[in-house]
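# Next comes the sequence, and after it the predicted model I'd like to discuss.
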Amino acid sequence: MDFTTQNLTALFENLAARMSAERDALCALDGLIGDADHGIAMEQGMAAAALAVPNLATLQDQFNAAAKAFLNAVGASSGPLYATALMRAAKAAGPRAAMPRSETPALIAAMADGIAHRGKAEPGQKTMLDAWAPAAAAAKSGANWAEILSAAQSGADATAAMQATLGRAARLGERSLGHKDPGAVSACMIIAEFAKALG
Amino acid sequence: MDFTTQNLTALFENLAARMSAERDALCALDGLIGDADHGIAMEQGMAAAALAVPNLATLQDQFNAAAKAFLNAVGASSGPLYATALMRAAKAAGPRAAMPRSETPALIAAMADGIAHRGKAEPGQKTMLDAWAPAAAAAKSGANWAEILSAAQSGADATAAMQATLGRAARLGERSLGHKDPGAVSACMIIAEFAKALG
Amino acid sequence: MAPTQKLINDGNHAVDEMLRGVLAAHPNHLTLAAPRAVIAKHGPRAGKVALVIGGGSGHEPTFLGFVGKGLADACAVGNVFASPPPQPCVDAAMAADGGAGVLFMYGNYAGDVMNFDMAAEMLEMEGIEARTVLTTDDIASSPDRAKRRGVAGNVFIFKAAGAAADKMLPLDEVARIAAHANARTYTMGVALSACSLPQTRRLNFDLPAGEMEIGMGIHGEPGIRRGALKPANAVADEIMDAILAEMNAPAGAKVAVLVNSLGSTPLMELYILYARVAARLGAADLSVHTALVGPYCTSMEMAGASITIMHLDDELTQMLDHPCDCAMFRVG
Amino acid sequence: MAPTQKLINDGNHAVDEMLRGVLAAHPNHLTLAAPRAVIAKHGPRAGKVALVIGGGSGHEPTFLGFVGKGLADACAVGNVFASPPPQPCVDAAMAADGGAGVLFMYGNYAGDVMNFDMAAEMLEMEGIEARTVLTTDDIASSPDRAKRRGVAGNVFIFKAAGAAADKMLPLDEVARIAAHANARTYTMGVALSACSLPQTRRLNFDLPAGEMEIGMGIHGEPGIRRGALKPANAVADEIMDAILAEMNAPAGAKVAVLVNSLGSTPLMELYILYARVAARLGAADLSVHTALVGPYCTSMEMAGASITIMHLDDELTQMLDHPCDCAMFRVG
Ligand SMILES: Nc1ncnc2c1ncn2[C@@H]1O[C@H](COP(=O)(O)OP(=O)(O)O)[C@@H](O)[C@H]1O
Ligand SMILES: Nc1ncnc2c1ncn2[C@@H]1O[C@H](COP(=O)(O)OP(=O)(O)O)[C@@H](O)[C@H]1O
Ligand SMILES: [Mg+2]
Ligand SMILES: [Mg+2]
Ligand SMILES: [Mg+2]
Ligand SMILES: [Mg+2]
């Protein structure tokens, strides 16, 4: 069965619900090495995205609408990063009402590219890219959704041992050690929802 | 043995030490129905008075010097009240280097008069006068120092059941009930030091 | 309990060190007439009524910050939450005196009344006429206006009197306008946290989370009653209900508004309150001529806010619009 | 843990309700160009470079309060501690554009850079030239100036750029002066308590009594290190040592000083700090041309303070002295 616009609408609803449920935990994580608002940004962004996607004809339109809605609701760092990620996903999905499930891992790879591009980020800098990049690598190498998610999670776990060199936490120097990057943690949650819908 | 200028110098030293020791407790009391600074006012006032009284020729000069020093160090409500009290004590002591101990209870009566005059206060309004007035009444009726002190203490204890109608606490209405007036409590401490020196 | 977190040196010297900083920061506005007596550089002049304000410290920018051309000529500076003694009041008055008499203005507190009254007596002996107008704008503090405290309304009331003096009106007129301004000014506040004195660094009362003190003054004294912490709009409504009922202004009247922080309540919260205050005034068909939002009359680090409304008439409008130039407040 | 004590309604609407209050309180200064895009009533005009500032909310009076004739022409308003998205930046720029180009100025944070860069790209498509000067005054945040955060120094840096634009200088010159102002501005701060977001009302970090965060930014993010809470003079000395060493100004130079409250630190403490700052500047034979003391760039209810020194030259002096008239800041 193909992945349809209905399926994507449902996925964004799940993403919104998940971010809402995790809001305070993500804020607490961001409080340790950032400004304690990451959960709020992700909740607002995904809520806006979920409102924007129903009743659109193509997956591409949906992802683009989600990108725009997320960005306008949030700003912050997460806004441009996820807006760019979602616009890349739109391109990958293309102007069609459904796509074969076998092609969906390419969405993850596209999103990771968008984040790296917008954030001028590389793996190892203790950002969300440390979850997205290994997930994308797994996706590109033909891994299944469980493997993609597990790659993201290992990547996010590894951020605890990194010293941040990009984003707000970079100013903390060694004080950023020992805490996971909140953006990498929320990235795993997003990828987990993709996996649940598609795996 | 007469009560001399040396004795009065020592008494003010004791008053300063006592107020310093009780500062935080008096502030805490004032916090319940006032602005939490009564201990600070009494500490500063008595410290300044103690510095002002040595090397003066007469008890009158000493009390007047103490009055002025207390007032200038403190302001607040306590300043004018105790300055006036101490000026009345100066008058009662008179321009002499010593006074018979038997006459010293008159100092308490004079101080109480000064406070009532400056504060336009009457007993029952939940102020320091509720300690000073019964002490003065006892002093005038020929009571000994133990009795004077005990009158002051009963008066101060009774303020807990009063609703304030004068001073800062008057704005609290019924919320002033159940707490002793801080000025009445510090008054007992002062009278206790007089009693220790003179009893 | 651990001492509260303050950037001070020695609590006993906090007021004098602050004063030193104020004088250093505002050399074009303020100078010292005597210890604890601050005078405006360009305010006092011959033939002008001298407006002398004062009170305890810890309310900054009240009182110090309102000394300047067009507002107060001088200020007596007390210890934290303590009226200044008579001497600095006298020093301030003598330094500001222009031969046309002195008007003392300060909040109605027992301590301030006793000290300033002693100062007025001392000035009389010097042949200087001193009159007094107490501010009594805190409507929560007593049903009887004469017994009320003076709180944030000070800003508007001092401003009106300062303008009258700056226009070279005689003492009688300045005092009349000051009393008139006070009579038409209404304030009520709430506190969301206690504050602490520099000497003790202990919270002066205990306020559990989720509660607030209603009818709060500006000295950390408890309010009139304690209640559940409500949303900003409900708090604004409770205060505006009380003020509008007392003020009883006819539709179409003009008002001045001050939404004041008691210390640590930030501008974001004040403007949220202001939005509701403006809506309430609009609904009552009252128009806002002047709006001030910020920390104008504080209790050090206390959290909370007060709302002041001055019911304007042409005279008071003119007085509020008159220019003034103080270290911490300017109009025009 | 109990929610922090705030006078708000719904945390999700706090920024929009604040904005409503700001616009209601300052109708002569500010108006809305689009949602979350505020524009000065008397600032923008034909042939003038448009200075557009912006950033997250929660720093009031930064950024909103510095919009007005002679300073910023417009401002994009983000969520609390969150950069505004590109759209309000574009809206603010288009509304303020006078045909002479747009200068974006904001603090150097990853989020702001991404959003404003997207805005600049969008403006390019509209044929409007947009340049950017980031503020990077927080000397504690990195040894490398280009990587530093922009904090309270914003006030002086925006002021200089706003004056240059108001004098009708061309975009190149305005951008040069803005960068020059930034390069000569040095800030460092300490925090004595955390703050909390309106949505979560939880303290964003845990600071035990008796400790402080040193090298604190303005978003409640932890500082560079944590240390024992020291007396005000020792704190001022530590900051001034760092600033003076970096600034390396010759004896006789002029400076502008800002002693800024991060939120709940009251004027009393700021002036105690200022007294020491003035003494240190005097000892280094530096003279104070402008002194600001108060809450200029805050983190809501956070306790703490920062010290900013701008090393003046004739050009910057002229820019700081140039008049401006904003809702929350005035010069001249
Ligand atoms: N340049 C960047 N590239 C990739 N990810 C970044 C970059 N800057 C920040 N991030 C991510 O953004 C997260 C913070 O997001 P959020 O809290 O919403 O924004 P802000 O830092 O503006 O408050 C960080 O945990 C990190 O994962
Ligand atoms: N009018 C008055 N007459 C007599 N005593 C008064 C009067 N007003 C206040 N007091 C006393 O002063 C005490 C408070 O003193 P203090 O805390 O030093 O001054 P303040 O109230 O100005 O802070 C009260 O507890 C009360 O005993
Ligand atoms: Mg964040
Ligand atoms: Mg008291
Ligand atoms: Mg007091
Ligand atoms: Mg943020």
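All right, it came through fine. Everything numeric here is computed off the predicted structure, so don't read it as measured data. Residues are numbered from 1 along each chain as shown, chains lettered A, B, ... in the order given. Ligands and ions are numbered 1, 2, ... in the order given.

# Which residues are in contact with the residue nearest the centre of chain C?
Most central in chain C under C-alpha atoms, centre = their mean is C:N154, positioned 3.3 Å from the mean C-alpha point. Contact analysis of C:N154 by C-beta atoms under 8 Å, 6 or more residues apart in numbering or on different chains lists C:53, C:62-63, C:66, C:107, C:135, C:137, C:297. Just so you know, the C-beta spots here come from the backbone N, C-alpha and C atoms, and that holds for glycine as well.

# so what's the closest residue to it other than its chain neighbours bridging to?
Closest residue to C:N154 apart from its sequence neighbours, by C-beta to C-beta, 6 or more residues apart in numbering or on different chains: C:T135 at 5.3 Å. Counting by DSSP bridges, C:T135 is bridged to C:G107.

# wait, doesn't C:T135 sit right on C:M105?
Yes. Under the criterion of C-beta atoms under 8 Å, C:T135 makes contact with C:M105 at 6.6 Å.

# Show me the common contact partners of these two, please.
Here C:T135 and C:M105 have C:157-158 as joint contacts, going by C-beta under 8 Å, 6+ apart.

# Distance from the chain centre to stretch C:305-323, please.
14 Å (C-alpha atoms, centre = their mean, to the nearest Å).

# hang on, I meant stretch A:19-31
Distance of stretch A:19-31 from its chain centroid, counting by C-alpha atoms, centre = their mean, is 15 Å.

# Do a quick rundown of the strands in chain A.
Ranges of strands in chain A, per DSSP state E, are A:3-4, A:98-99.

# Same check on the stretch 201-332 of chain C?
Per DSSP state E, counting those that start in this stretch, the stretch 201-332 of chain C carries strands over the ranges C:211-214, C:225-228, C:254-261, C:287-294, C:304-311, C:324-326, C:330-331.

# for the third one, packing partners?
Spelled out, that is strand C:254-261. helix C:154-166, helix C:267-283, strand C:287-294, strand C:304-311, helix C:314-321 (3 or more C-beta pairs under 8 Å, 6 or more residues apart in numbering or on different chains; DSSP states H and E).

# A:G79 is nearest to which of the ones you listed?
Set against A:G79 and scored by C-beta to C-beta, these come closest in helix C:267-283, at 20.9 Å.

# is ligand 1 contacted by the longest helix along chain A?
Criterion DSSP state H: the longest helix present in chain A is helix A:5-33. Yes. Helix A:5-33 is in contact with ligand 1 by C-beta under 6 Å from any ligand atom, via A:D30.

# Equivalent analysis for stretch A:128-142, please.
Yes. For stretch A:128-142, a contact with ligand 1 is found by C-beta under 6 Å from any ligand atom, at A:128-129.

# in that stretch, what counts as buried?
Neighbour-count burial for stretch A:128-142 flags A:128-139 (criterion: 16 or more other C-beta atoms under 10 Å in any protein chain shown).

# before we move on, the earlier item: among the strands of the stretch 201-332 of chain C, show me which one is buried the most.
Mean neighbours per residue, mean count of other C-beta atoms under 10 Å in any protein chain shown, is largest over these for strand C:304-311, with a mean of 28.

# ok, C:E126 touching C:A119?
No. With contact defined as C-beta under 8 Å, C:E126 does not reach C:A119; the gap is 10.6 Å.

# quick one: contacts for the residue in chain A sticking out farthest from the centre?
Largest separation from the mean C-alpha position in chain A: A:E174, at 26.1 Å (C-alpha atoms, centre = their mean). Going by C-beta under 8 Å, 6+ apart, A:E174 touches A:Q163.

# Let me know the pLDDT of the closest residue in space to C:G101 that isn't next to it in sequence.
Spatial nearest neighbour of C:G101, chain neighbours left out: C:L171 (3.8 Å); criterion: C-beta to C-beta, 6+ apart. Looking at C:L171, its pLDDT is 98.

# Contact residues of the stretch 101-250 of chain C facing chain D?
Contact residues (C-beta under 8 Å from any C-beta of the partner chain) of the stretch 101-250 of chain C with chain D: C:190, C:192-193, C:198, C:208-210, C:212, C:229, C:231-233, C:235.

# of the strands of chain A, which approaches A:Q62 most closely?
Ranking the strands of chain A by proximity to A:Q62 (C-beta to C-beta) places strand A:3-4 first, at 10.3 Å.

# Give me the distance from that closest one to the chain's centre.
The chain centre lies 19 Å from the centre of strand A:3-4; the measure is C-alpha atoms, centre = their mean.

# coming back round to it: can you give me the pLDDT of the residue nearest to C:N154?
C:T135 carries a pLDDT value of 98.

# For ligand 1, what's the nearest residue on chain C?
Nearest to ligand 1 in chain C, going by C-beta to the nearest ligand atom, is C:M268, at a distance of 17.3 Å.

# how close does the closest residue to that residue other than its chain neighbours sit to ligand 6?
In space, and not counting its chain neighbours, C:M268 is closest to D:M18: 4.8 Å by C-beta to C-beta, 6+ apart. Distance, D:M18 to ligand 6, by C-beta to the ion, to the nearest Å: 17 Å.

# do the same with C:T62
Per C-beta to the ion, C:T62 is found 35 Å from ligand 6.
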